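With the input below, show me the fold.
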Amino acid sequence: MDAADFSAVLSEVRRFVRERVVPVETEIDEKDEMPADIREAAKKMGLFGFALPEEYGGLGLSMYEEAQLMFELGYTTPSLRSMFGTNNGIAGHVLMVGGTEEQKAQWLPRIASGDVLASFALTEPEAGSDPSTLTTRAHLDGDTWVINGAKRYITNAPLADVFMVFARTDPDAPRTRGISTFLVPADTPGLTVAPRDHKMGQFGAWTADVYFDDVRVPAEALVGGADGLNRGFSTAMGCIAHGRVHISALMVGMAERLVDESVAYASTRKQSGKLIGSFQLVQGLIADSMTDYYAGRATVLEAARRFDSGEDTKIGPSCTKYFASEMVWRVADRAVQVHGGAGYMRGVAVERFYRDARLFRIYEGTSQVQQVIIAKALLGDAARA
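Sure thing, here's the model as predicted:
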């Protein structure tokens, strides 16, 4: 995107986040629902397709540009990003990376506009950070595929129009092979979405289990057509690598907000007749958080640059996701500490962000899985000895 146009997009999103979304954060948290006017405004701004190609109605942002946009979106409740994150990220990228030209033409314009909400159905009760162990199966019956299984914690499942479903199509193949991806409309007979989950935080972002009981889809529902058969795992890993940089940038935006909240509180709250910002131990907490934020921002931008160039699409995404998720958790914890008792009260921003931040160390691959990915990539055969 032209630099001037991109700068205008960032400015518009910043105003939208700070003037429209921040004032209703408490309402979103209490009602566990995103206001309809916020959803419609996001559609009009093109936020449902910022990472999708321009030829399909998206903004076509690079990873580096996307990271900067996520910094702005991360300044408010993460449920805002979650509303359109799967369209741009792991769900939309399934089609970008592995779809046929016909599938892209049929689905991507509607996904980019927000007219279709796409969901990424990979995680299962016994297959989370290691999706290679998934047990959902699909077999060919004449000219239709029959899918059976269950998925867990699927983002936007209660609202989704279409699911990108990963199922084992060759049960005799090694774990990372024999997996394919299917486009399954939400109204397909046999597909059932359970009631939405009751989570610790990130209210307004809905997740739920999804069940497939003899769900039948036509042959053309196989993502990538015949060439996509048994290639679903590699497609998923490519989408998840992009998602790790994407979500890391979101955490940096949240860290910036937490620093701002801490500074504002320490600059106005008095204890023993003094502003608590004059206490050196409080200053230390804020200085550490600012340093964490600064390091996280630099790490994400470098990972995004190397992702765009193709230099590093594996170690970098895992490194930045691991660092950013642990970083924002430290910053959130310090923010509550700076606020003292007020930081433990509902309705105070840092209390909500503290609950929201905890999930980042789990989804898109736990911190422990990122450690394993990084170590194995560096050590090679030595890690498997």
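
Relative to the whole chain's centre, how far out is whichever helix or strand residue 356 is part of?
Secondary structure from DSSP states H and E places residue 356 in helix 349-358. Here the centre of helix 349-358 is set off from its chain's centre by 17 Å, with CA atoms, centre = their mean, to the nearest Å.

Remind me what that helix packs against, helices and strands.
helix 25-31, helix 232-266, helix 315-339 (3 or more CB pairs under 8 Å, 6 or more residues apart in numbering; DSSP states H and E). Heads up, the C-betas are built off the backbone N, CA and C, glycines and all.

what's the angle from that helix to helix 232-266?
Here helix 349-358 runs at an angle of 160 degrees relative to helix 232-266 (axes from the mean of the first three to the mean of the last three CA atoms, to 10 degrees).

quick one, helix 349-358 and helix 315-339 angle?
Using the same axes, to 10 degrees: helix 349-358 against helix 315-339 is 150 degrees.

Heading C-terminal from helix 349-358, find the next helix or strand.
Once the chain leaves helix 349-358, the next helix or strand it forms, by DSSP H and E, is helix 367-379.

Using the neighbour-count criterion, name the buried positions in that next one.
The neighbour-count check on helix 367-379 (16 or more other CB atoms under 10 Å) flags 367, 369-370, 373-374 as buried.

Show me what that helix is packed up against.
Applying 3+ CB pairs under 8 Å, 6+ apart, one finds that helix 367-379 contacts helix 315-339.

State the mean pLDDT of the helix it packs on.
In this model, helix 315-339 has a mean pLDDT of 98.

Which parts of it count as buried, going by neighbours?
Applying 16+ other CB under 10 Å to helix 315-339 flags 315-329, 331-336, 338-339 as buried.

before we move on, back to that, show the average pLDDT along the helix holding residue 356.
98.

residues making contact with it?
Contact partners of helix 349-358, identified using CB atoms under 8 Å, 6 or more residues apart in numbering, comprise 25-26, 29, 77-78, 200-202, 251, 254, 257-258, 261-262, 328-329, 331-333, 335-336, 338-339, 343-346.

mind running it again at 6 Å?
Applying CB atoms under 6 Å, 6 or more residues apart in numbering, the external contacts of helix 349-358 come out as 29, 78, 200-202, 258, 261, 328-329, 332, 335-336, 339, 343.

Over to stretch 73-86?
So stretch 73-86 is contacted by 17, 21-22, 25, 28, 34, 42, 47-48, 118-120, 155-156, 202, 204-205, 250, 253-254, 257, 356 (CB under 6 Å, 6+ apart).

The residue nearest in space to the middle of the chain and residue 64, how far apart?
Central residue of the chain (CA atoms, centre = their mean): residue 247, 5.0 Å from the mean position. Residue 247 is 16 Å from residue 64, where distance means CB to CB, to the nearest Å.

how far away is the residue of the chain positioned farthest from its centre from residue 265?
Here the centre of the chain is the reference, and by CA atoms, centre = their mean the most remote residue is residue 273, at 44.0 Å. Applying CB to CB, the value for residue 273 to residue 265 is 17 Å.

Next, the contact list for the nearest residue in space to residue 179 that is not next to it in sequence, please.
Leaving aside its sequence neighbours, residue 179 sits nearest to residue 232 (CB to CB, 6 or more residues apart in numbering; 4.0 Å). Residues in contact with residue 232 (CB under 6 Å, 6+ apart) are 166, 179-181.

So which of these are in strands?
166, 179-181 (DSSP state E).

Is the closest residue in space to residue 263 that isn't next to it in sequence in a helix, a strand, or coil?
Once flanking residues are discounted, residue 263 sits nearest to residue 286: 6.2 Å by CB to CB, 6+ apart. Under DSSP: H, G, I helix; E, B strand; the rest coil, residue 286 falls in the helix class.

what separates the least confident helix or strand in the chain by mean pLDDT from the chain centre, distance-wise?
In the chain, no helix or strand scores lower on mean pLDDT, DSSP states H and E than helix 90-98, which sits at a mean of 90. Computed by CA atoms, centre = their mean, the chain-centroid distance of helix 90-98 equals 14 Å.

and that helix, C-alpha only, in PDB?
Provided in PDB are the C-alpha atoms of helix 90-98 (Å, rounded to 0.1, in the frame of the first residue of the first chain):
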ATOM      1  CA  ILE A  90      -5.900 -18.400  10.100                       C
ATOM      2  CA  ALA A  91      -9.200 -18.900   8.300                       C
ATOM      3  CA  GLY A  92      -8.800 -16.500   5.400                       C
ATOM      4  CA  HIS A  93      -5.200 -17.600   4.900                       C
ATOM      5  CA  VAL A  94      -6.300 -21.200   4.400                       C
ATOM      6  CA  LEU A  95      -7.900 -20.100   1.100                       C
ATOM      7  CA  MET A  96      -5.000 -17.700   0.300                       C
ATOM      8  CA  VAL A  97      -2.400 -20.400   0.800                       C
ATOM      9  CA  GLY A  98      -4.200 -23.500  -0.300                       C
END
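
Report the rounded mean pLDDT for whatever helix or strand comes next after it.
Proceeding N to C from helix 90-98, the next assigned helix or strand is helix 101-113, under DSSP H and E. For helix 101-113, mean pLDDT is 96.

buried sites along helix 101-113?
Quick answer for helix 101-113 (16+ other CB under 10 Å): 103-104, 107-113.

for whichever helix or strand comes after it, packing partners?
Sequence-wise, the next helix or strand downstream of helix 101-113 (DSSP H and E) is strand 118-121. Secondary-structure packing of strand 118-121 (3 or more CB pairs under 6 Å, 6 or more residues apart in numbering; DSSP states H and E): helix 78-88, helix 90-98, strand 144-155, strand 162-168.

Much appreciated, bye for now.
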